[in-house]
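Trainee: Just the structure for this:
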Amino acid sequence: QVRLVESGGGLMQAGGSLRLFCAASERVENAFAMAWFRQVPGNEREFVAAVNWDGGSLDVAESLKGRFTITRGNVKNTVLLQMNNLRPEDTADYYCAARTGVLGRLPNEYLYWGQGTRVTVSS
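Mentor: Residues are numbered from 1 along each chain as shown. Next up, the predicted model:
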């Protein structure tokens, strides 16, 4: 079982930036497509961004383009989410996810999940 571990969440004022990091806890042979989702308690999990196994294909939710950027890390099966110009509505628990195959936008397309890291943006 592959575990994903997120880090980098925290409290930030509106207009600030945060960078989230996610890594697979064990070395695995396959290179995964990786993604970020976010969820506010009581709401459905929302797609944020995804990147394929080699970083050659990216996808970012339309409402977040221009502020959020996803990149592969230098180590296999790591991914970063750079969040700029944060807004209070970005407050959520952010989850890293991974899957074999192509990237996708639906939570049920991903097999492996992290425990989440909380991002709180104050106004």
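Trainee: ok, now which ones touch the residue lying closest to Arg38 once chain neighbours are set aside?
Mentor: Sequence neighbours aside, Ala92 is the residue nearest to Arg38 in space, at 3.9 Å (criterion: C-beta to C-beta, 6 or more residues apart in numbering). Quick note: C-beta positions are derived from backbone N, CA and C, even for glycine. Ala92 makes contacts with 38-40, 46, 118-119, as judged by C-beta atoms under 8 Å, 6 or more residues apart in numbering.
Trainee: those strands in the protein, which residues are they?
Mentor: Taking DSSP state E as the criterion, the chain carries its strands at 4-7, 10-13, 18-24, 33-39, 46-51, 58-60, 68-72, 78-83, 92-99, 112-113, 117-122.
Trainee: okay, those, which one's buried deepest?
Mentor: Scoring the strands of the chain by mean neighbour count under mean count of other C-beta atoms under 10 Å gives strand 33-39 as the most buried, with a mean of 25.
Trainee: contacting residues around that one?
Mentor: 20, 22, 45-53, 70, 72, 77, 79, 81, 90, 92-105, 107, 110, 116, 119.
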